[in-house]
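> Need the 3D shape of this:
(one chain, ligands or ions: 2)
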Amino acid sequence: MTSNTPLQLLGGISVQQFLREYWQKKPLLIRQAIPDFQSPISPDELAGLSLEEEVESRLVLEHGEHPWELRRGPFAEDTYQNLPKRDWTLLVQAVDQFVPEVAELLEHFRFLPNWRIDDIMISYAAPGGGVGPHYDNYDVFLLQGYGKRRWRIGQMCDSESPLLEHADLKILADFAGTDEWVLEPGDMLYLPPRLAHFGTAEDECMTISVGFRAPSASEVLTHFTDFLAQFIPDEDRYSDADLTQQDDPYQIQSDALVRLKKLLAEHMGDERLLLTWFGQFMTEPKYPELVAGPDIDENELLNALEDGAVLVRNPSSRLAWSEIDLGLLLFASGQSRLLPAELRDLLKLICSADALHQDNLGQWLGNDEARTLLLELVKQGSLELADEE
Ligand code: SIN
Ligand code: CO
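Numbers count the residues shown, from 1 in each chain. Ligands and ions are numbered 1, 2, ... in the order given. Next comes the predicted model:
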């Protein structure tokens, strides 16, 4: 498949056209993006997940006295028995980390960088349910999983857009609708960041949101400079060996600014450190407590593989790789490793394979660096040993 092959998932346009005309720019409604689509999770299973301690879930209720109410999970069985018949929504975060069939949906989005994907959030709404008009700072594909949902889209927003007074929910005070559609299972709506939208359940329905992530400029600056600072010795300071006498000793002259800009540029311009930081930052797990590995040794790992065990990615971990002048970097769950260029195919395999086993690892198991790397990833919890595929 090339980037100009028409794709059903994108409504018959190519990846190239989608990226050029829609991505981060304007919404796209796609009827039957996935034909005959059957949700990989049922409403009952979704409600079941919301009872689990490690799962992040919310309930949004809309009712007379307090128009919008937010409750945070985990919930109890009786929570659902006591809910009204209408006008509420259950939202469950990162369902891809808990239900492999949901994670498989991400295969449809391989035309975008994997490290831009945040998670798959799934909502279940009783008739009339919705979370109110709002905007998100991220791109999202809203895939209708079950039942019908009416989506209305409106104006572009930003942090100045007026919101209703609510401690926890960011609901827009004004919504200027421009278009609306009723989505049925398999239909999908792509929304660029900051576009106002408002979904309401026509009947009992489920919506699968494939959400993306993009660090804010402020996050990039604060996190990168914190990271950089660890490598800068104390004696590396503002310096002015070129100082000449100035007229007024109280004035901060423009030459001080020139020296400061030079100092910043020297450090901020370090591409190796910038890439190392970025890869670590973008692969930090959403729930770090779910990434922990066993204390095993190389022999135990090799024996297990020999006995037919497979290595699978921990669904809560994130992996990415990159090239630098010195070799390759593998990023796994917030950590980076510098590796020789010969390991390129192994890194690609580790990042993309459903499972690693003796067959696809083949000759890599005879390579010391490759074995050490696999062992480290297992001990760190990014890869997990499983009995079979
Ligand atoms: C929902 O599925 O109800 C909300 C998704 C969204 O608007 O981001
Ligand atoms: Co939204």
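> is it true that Ile153 lies in a strand?
Yes. With DSSP: H, G, I helix; E, B strand; the rest coil as the criterion, Ile153 is assigned to a strand.
> tell me the contacts of it?
For Ile153, the contact set (CB atoms under 8 Å, 6 or more residues apart in numbering) comprises Pro27, Gly177, Thr178, Asp179, Glu180, Leu189, Leu191, Leu195, Ala196, His197, Phe198. Where C-beta positions appear, they are placed from N, C-alpha and C, glycine not excepted.
> May I ask which of the residues you listed has the most neighbours?
The most crowded member of those, judged by other CB atoms under 10 Å, is Leu189 (24 neighbours).
> Grab the nearest non-local neighbour of that residue.
Distances taken as CB to CB, 6 or more residues apart in numbering place Leu142 nearest to Leu189, at 4.6 Å, with adjacent residues excluded.
> what are the bridge partners for that neighbour, then?
Under DSSP bridges, the beta-bridge partners of Leu142 are Leu189, Ser209.
> and it, how many neighbours?
A count of neighbours around Leu142, defined by other CB under 10 Å, yields 24.
> hang on, it packs against Asp136?
No. Taking contact to mean CB atoms under 8 Å, the distance of 10.6 Å between Leu142 and Asp136 leaves them out of contact.
> List the first helix or strand encountered after the top helix by length along the chain toward the C-terminus.
In the chain, taking DSSP state H as the definition, the longest helix is helix 254-268. Next along the chain after helix 254-268, taking DSSP states H and E as the criterion, comes helix 271-282.
> which strands and helices sit next to the helix or strand following that next one?
Next helix or strand after helix 271-282 toward the C-terminus (DSSP H and E): helix 298-306. Using 3 or more CB pairs under 8 Å, 6 or more residues apart in numbering; DSSP states H and E as the contact criterion, the elements in contact with helix 298-306 are helix 358-361, helix 368-380.
> what's in contact with helix 298-306?
For helix 298-306, the external contacting residues (CB under 8 Å, 6+ apart) are Leu311, His357, Gln358, Leu361, Leu365, Arg371, Thr372, Leu374, Leu375, Val378, Leu385.
> Just give the nearest non-adjacent residue to the third one, would you?
Which is Gln358. In space, not counting the residues next to it along the chain, Gln358 is nearest to Leu305; the distance is 5.3 Å by CB to CB, 6+ apart.
> which residues of the stretch 1-150 of the chain score low on pLDDT?
Residues of the stretch 1-150 of the chain that meet the criterion pLDDT under 70 lie in 64-66.
> any chance you could read off phi and psi for the residue nearest in space to the middle of the chain?
Among the residues of the chain, Asp118 comes closest to the average C-alpha position under CA atoms, centre = their mean, at 1.2 Å. Note on Asp118: backbone dihedrals following degrees, to the nearest 10 are phi -90, psi -70.
> looking at it, it is touching Ser209, isn't it?
No. With contact defined as CB under 8 Å, Asp118 and Ser209 do not form a contacting pair (9.5 Å).
> any idea how far the residue nearest to Leu189 lies from Pro35?
Distance from Leu142 to Pro35, counting by CB to CB, to the nearest Å: 17 Å.
> cool, Gln155 as well?
Where Pro35 is concerned, Gln155 sits at a distance of 32 Å (CB to CB).
> quick one: which of these two has more around it?
Neighbours per residue (other CB under 10 Å) separate Gln155 from Pro35, with Gln155 holding more: 16 against 9.
> Looking at stretch 359-377 now, give me its mean pLDDT.
Regarding stretch 359-377, the rounded mean pLDDT is 97.
> Would you mind measuring the gap between the ends of it?
Terminal residues of stretch 359-377 lie 19 Å apart, using CA to CA, to the nearest Å.
> what residues does it touch?
Residues lying outside stretch 359-377 but in contact with it, judged by CB under 8 Å, 6+ apart, are 293, 296-298, 301-302, 305, 311, 330, 332, 337, 339-340, 343, 346, 349-350, 353, 356, 358, 383.
> Which ones, among those residues, also lie beside ligand 1?
Checked against ligand 1 using CB under 6 Å from any ligand atom, those give no members in range.
> quick one, domains of the chain?
With the TED database as the criterion, the domains of the chain are listed as 6-212, 288-387.
> about what we covered before: and ligand 1, which of the contacts of Ile153 contact it?
Of the residues in these, proximity to ligand 1 by CB under 6 Å from any ligand atom holds for His197.
> Looking at the contacts of Ile153, which one is closest to ligand 1?
Minimum separation from ligand 1 among these (CB to the nearest ligand atom) is found for His197, which lies at 5.6 Å.
> ok, now which ones touch that closest one?
His197 is in contact with Pro133, His134, Tyr135, Trp151, Arg152, Ile153, Gly154, Leu191, counting by CB under 8 Å, 6+ apart.
> do that again at 10 Å, thanks
27, 131, 133-136, 140, 142, 151-154, 157, 172, 175, 177, 189, 191 (CB atoms under 10 Å, 6 or more residues apart in numbering).
> Helix, strand, or coil at it?
Here His197 is recorded as strand under three-state DSSP.
> Tell me how far it lies from Thr178.
Counting by CB to CB - His197 and Thr178 are separated by 10 Å.
> ok so Glu107 is a helix residue?
Yes. Checked against three-state DSSP, Glu107 lies within a helix.
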